[in-house]
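In: could you work out the structure for the sequence below:
(2 chains)
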Amino acid sequence: MQEAFVATSIMTGLGVFFGTALAIASRFLRVSGDSRVEEVADQLPGSNCGACGRPGCHAFAEAVVSGSETPSGCTVATQESIEAIAELLGVAPGQQEKRVARLHCAGGTAQAFQIAEYRGFESCRAATIVAGGGKGCPWGCLGLGDCARACTFKAIHLNQHSLPVVDVANCTACGDCVLACPRGLFAILPLTHRLFVQCRSPLVGDDARALCRVACDSCGRCVQDAAPGLIRMEENLPVVDYGSGGPATPQATSRCPTGAIQWLTEVQFEAAGATQPQDIAAHVEDH
Amino acid sequence: MNPVAAIRRGFRHGVHPAQYKAQTVDLPIQRLPFGHRYVLPLGQHLGVPAQPVVSPGQQVRRGQLIAQPGGFVSASLHSPVTGRVRAIEPRRTADGSLQLAIEIEADRYATQHLEPRPRSDRLALSLTEFIEELQSAGIVGLGGAAFPTHVKYTMPEGKRIRHLLINGAECEPYLTNDHRLMVERPATLLRGIGIVKRKLGADRATIGIERNKPEAIAVLKSTIRRHHRTGIAPLQVKYPQGAEKMLIRAIFGVEVPADKLPRDLGIVVNNVGTLTAIADYFDFGMPLIERVITVSGPGVTYPANLIVPIGTPVREVLDFCGGLKPPTRAVVMGGPMMGLPLPSLDVPVVKGTSGILAFTAESLPARRELPCIRCGRCLKACPHFLNPSRLGRLARLGRYEDMRRHFAMDCVECGACTLSCPSGIPLTQLIRVGKSKLRNSAAGSI
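Out: As a prediction, the model looks like this:
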């Protein structure tokens, strides 16, 4: 009985002693950080998605307080939170262009030809390892939804042709889908960049169209139809260079025989199936 | 060596898949008649793809060089037939990708006879010259991985190969191509062993053969003479006995450390097919333009062991074997454990193709997956002592870095864990997903 009493009183004594020591230390040895960092961090969404390019929300808050970043650098926070942060720090909220993930492929199950049936672990990465999945095009979207699973904000769902549709309102351009896609088909682009090539096949002519109805067959018409220098061909694919100065217009898509280059509406693949001329589809089936 | 291990001649863990070798084991090797069209992908060996040295429309002879090595870890490519280069274009390969390939149309009226040009100067070749010869002959490992053989023989300064190990285990079910080679061409095999042994300065050679091939063991025993300085090691019948490190474990009783190669122990392992190809090159001047494959499986009408020119489309090989039976659901290139299911029958036979197997719906495993019951059978199966169950779970969760900490990169993808899993979990595939992700991140790309 006595041992128990001694042990209890020693532990209690130790507890009281260290508790007091800590209380004193926290009062007199305190290092005061910038309290604004915490306040800014409170306003941020706390999803640590990395879209701003920082390792997490706290690092972003520090950057904003130090002035190396504007509040609108966070693409996830609501407009109110950004304004609240700007007001708190007395800085301008800044302008951030809305960016979204775009898919460089429009070959859904209705457009790209299947050559085999993939059965197994439902994952794009797993399918690429087993004979490249079932799709004939070894560059195209596999349609098994690795991107949808990777998306922190549930902004991606697969449509009826197994193509990932990005919900523009929820997409924060964090780039998780870019990393998840084993074929590297996603690109993070400003919403205003509406001229977009929905194909990654380096094949030319009939070889390209033998795999997919909406493949780029590298005819080069879009290069001629666009403002000089806006589009150039790289590895048999058109590359739209918004930095070249020429205005991007829907004119560039007008003579595309397969519909591989598109003037995007806000949501990609919203009107699935309506993007390609039917006569091309018939031609490819003959081929 | 541990005496018990010497008697059992095996390794720890592993699985015992049903053999299914009976339908082709006694069929002599036949030559596949020459067809019309041959497709030779430039990257059919491990490493850098070869560079074409011919142009479309050009006439080529059988055995003529059509692509030269693209780097050190690369091998030459030769035309398997006399004919005309039709195109150099992307063609579908077994991994589903479109790869640059040389398509050759065989000349119907040309002889496909190859004039023997024995290399009588082979004794005079130095080791460096010998290694260069192998590269220009396009010799790669014929066991399945198609790793350029000359790279295997290139030793770091001051090291020497002491022991040549010949892999005749053929532990994959269905396949009998190595078995038939050992039974039908033991003298050629021994000549190949002799050449390599002399060039590398190895003291001894040992042929490892699983005990389910008594005929091969008997034939080789009666052929080997004292001066061959070659032994035979009958091995336990167990999968994956033919994996390099398992073979060394079984024969020498030592483990090759995870971060070491057999050559660090002074051992080099070659498949019987590779050594026969080396002997053929020095005897007849024939580069690697054909190989022996087994065509088998419940979906094939007439199973066979065939000599097939490299580049023959799978469809033509199957047609020769009476075509596919209607209930065929999958065609696999390679063995059933590690082979690749084919996305198209137009893909060509390449240097690494050891077999073409056709499976019907009943012979394929049922597609049902149940939760892991923690029975631990995959741990007992894994020859590398990994924990496939945990690796699989980590892969599913996307925790790839944790997989690295659990030695996912040591996995040889033999498939023993998947075979042993009573819940039908695709463990090997899950681990491969993680490995591909880790390799990508190590390379710095996405």
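
In: tell me the pLDDT of the residue of the stretch 101-250 of chain A found nearest chain B.
Out: Proximity to chain B, evaluated over the stretch 101-250 of chain A using Cβ to the nearest Cβ, is greatest for A:Gly132 at 2.3 Å. Placement of C-beta: from N, CA and C, glycine included. pLDDT, A:Gly132: 81.

In: so it belongs to a strand, correct?
Out: No - for A:Gly132, which was evaluated using DSSP: H, G, I helix; E, B strand; the rest coil, the result is coil, with no strand membership.

In: list the contacts of it.
Out: The contact partners of A:Gly132, taken as Cβ atoms under 8 Å, 6 or more residues apart in numbering or on different chains, are A:Pro138, B:Asp95, B:Gly96, B:Ser97, B:Pro343.

In: next: B:Pro303.
Out: By Cβ under 8 Å, 6+ apart, the contact list for B:Pro303 reads B:Gln23, B:Thr24, B:Leu27, B:Thr294, B:Val295, B:Ser296, B:Gly297, B:Cys321.

In: again, only using 7 Å
Out: Under the criterion of Cβ atoms under 7 Å, 6 or more residues apart in numbering or on different chains, the contact list for B:Pro303 reads B:Gln23, B:Thr24, B:Val295, B:Ser296, B:Cys321.

In: pull up the gap between it and B:Met337, please.
Out: Look at B:Pro303 and B:Met337: by Cβ to Cβ, to the nearest Å, they are 18 Å apart.

In: of the contacts of B:Pro303, which is the most crowded?
Out: Scoring the contacts of B:Pro303 on neighbours with other Cβ atoms under 10 Å in any protein chain shown, the highest-scoring entry is B:Ser296 at 29 neighbours.

In: quick check: bridge partners of that one?
Out: Note on B:Ser296: beta-bridge partners B:Leu357, judged by DSSP bridges.

In: and A:Gln160, how many neighbours?
Out: Counted by other Cβ under 10 Å, the residues lying close to A:Gln160 total 11.

In: excluding covalently adjacent residues, which one is nearest to the residue in the stretch 151-300 of chain B that chain A sits nearest to?
Out: For the stretch 151-300 of chain B, the residue closest to chain A is B:Gly299, as judged by Cβ to the nearest Cβ, at 15.5 Å. Nearest-residue entry for B:Gly299: B:Ala358, 3.0 Å, with adjacent residues in sequence omitted and distances by Cβ to Cβ, 6 or more residues apart in numbering or on different chains.

In: got the buried residues for stretch A:9-20?
Out: Of the residues in stretch A:9-20, none is buried under the neighbour-count criterion (16 or more other Cβ atoms under 10 Å in any protein chain shown).

In: right, I mislabeled it, should have said stretch B:360-369
Out: Residues of stretch B:360-369 classed as buried under the neighbour-count rule (16+ other Cβ under 10 Å) are B:Thr360, B:Ser363.

In: so that stretch, near chain A or not?
Out: Yes - under the criterion of Cβ under 7 Å from any Cβ of the partner chain, chain A is reached by stretch B:360-369 at B:Arg367.

In: not counting that stretch itself, show me its contacts.
Out: Looking at stretch B:360-369 with Cβ under 7 Å, 6+ apart, the contacting residues turn out to be A:Arg119, B:Pro298, B:Gly299, B:Lys325, B:Pro327, B:Thr328, B:Arg329, B:Ala330, B:Ser423, B:Gly424, B:Ile425.

In: how many residues are close by the fourth one?
Out: A count of neighbours around B:Lys325, defined by other Cβ under 10 Å, yields 13.

In: and the helices in the stretch 51-200 of chain A?
Out: Chain-ordered helices for the stretch 51-200 of chain A, with DSSP state H, counting those that start in this stretch as the definition, fall at A:57-66, A:79-89, A:124-129, A:146-150, A:176-180.

In: most tightly packed of these?
Out: For these, ranked by mean neighbour count under the definition mean count of other Cβ atoms under 10 Å in any protein chain shown, the leader is helix A:124-129 at a mean of 23.

In: what's that helix packed up against?
Out: Using 3 or more Cβ pairs under 7 Å, 6 or more residues apart in numbering or on different chains; DSSP states H and E as the contact test, the elements touching helix A:124-129 are helix B:427-443.

In: which parts of the helix it packs on are buried?
Out: For helix B:427-443, the buried set under the neighbour-count rule, 16+ other Cβ under 10 Å, comprises B:427-438, B:440.

In: picking that back up, ok, for the residue of the stretch 101-250 of chain A closest to chain B, nearest residue in space, not its chain neighbours?
Out: Using Cβ to Cβ, 6+ apart and skipping the chain neighbours, the partner closest in space to A:Gly132 is B:Gly96 (2.3 Å).

In: hmm, A:Pro138 and that neighbour touching each other?
Out: Yes - with contacts counted by Cβ atoms under 7 Å, B:Gly96 reaches A:Pro138, the gap being 5.8 Å.

In: so between these two, which is more surrounded?
Out: For B:Gly96 versus A:Pro138, neighbours defined as other Cβ under 10 Å are more numerous around B:Gly96 (27 against 22).

In: tell me the secondary structure at that one.
Out: coil.

In: tell me how many other residues surround B:Gly322.
Out: By other Cβ under 10 Å, 13 other residues sit near B:Gly322.

In: in which helix or strand would I find B:Glu89?
Out: With elements taken from DSSP states H and E, the one containing B:Glu89 is strand B:83-92.

In: remind me what that strand packs against, helices and strands.
Out: Helices and strands touching strand B:83-92, by 3+ Cβ pairs under 7 Å, 6+ apart, are strand B:59-60, strand B:98-106.

In: and the ones you listed, which is most packed in?
Out: The highest mean neighbour count among the helices and strands packed on strand B:83-92, using mean count of other Cβ under 10 Å, belongs to strand B:98-106: a mean of 21.

In: quick one: strands adjacent to it?
Out: Strands that pair with strand B:98-106, judged by DSSP bridges, come out as strand B:37-41 (antiparallel), strand B:83-92 (antiparallel).

In: quick one on the thing from earlier: export the contacts of A:Gly132 as a markdown table, with columns for pLDDT and distance to A:Thr152.
Out: Converted to a markdown table, the contacts of A:Gly132 look like this (pLDDT from 0 to 100; distance: Cβ to Cβ, whole Å):
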| residue | pLDDT | distance to A:Thr152 |
| --- | --- | --- |
| A:Pro138 | 90 | 29 |
| B:Asp95 | 86 | 32 |
| B:Gly96 | 86 | 30 |
| B:Ser97 | 88 | 31 |
| B:Pro343 | 88 | 33 |
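
In: mind checking what helix or strand follows the top helix by length along chain A in sequence?
Out: For chain A, the helix that runs over the most residues, judged by DSSP state H, is helix A:2-28. Going down the chain from helix A:2-28, the next helix or strand is helix A:35-43, by DSSP H and E.

In: got the contact list for that next one?
Out: When contacts are defined by Cβ under 7 Å, 6+ apart, helix A:35-43 is touched by residues A:Cys57, A:His58, A:Ala61, A:Glu62, A:Val64, A:Val65, A:Ala77, A:Ser81, A:Ala84, A:Ile85, A:Leu88, A:Leu89.
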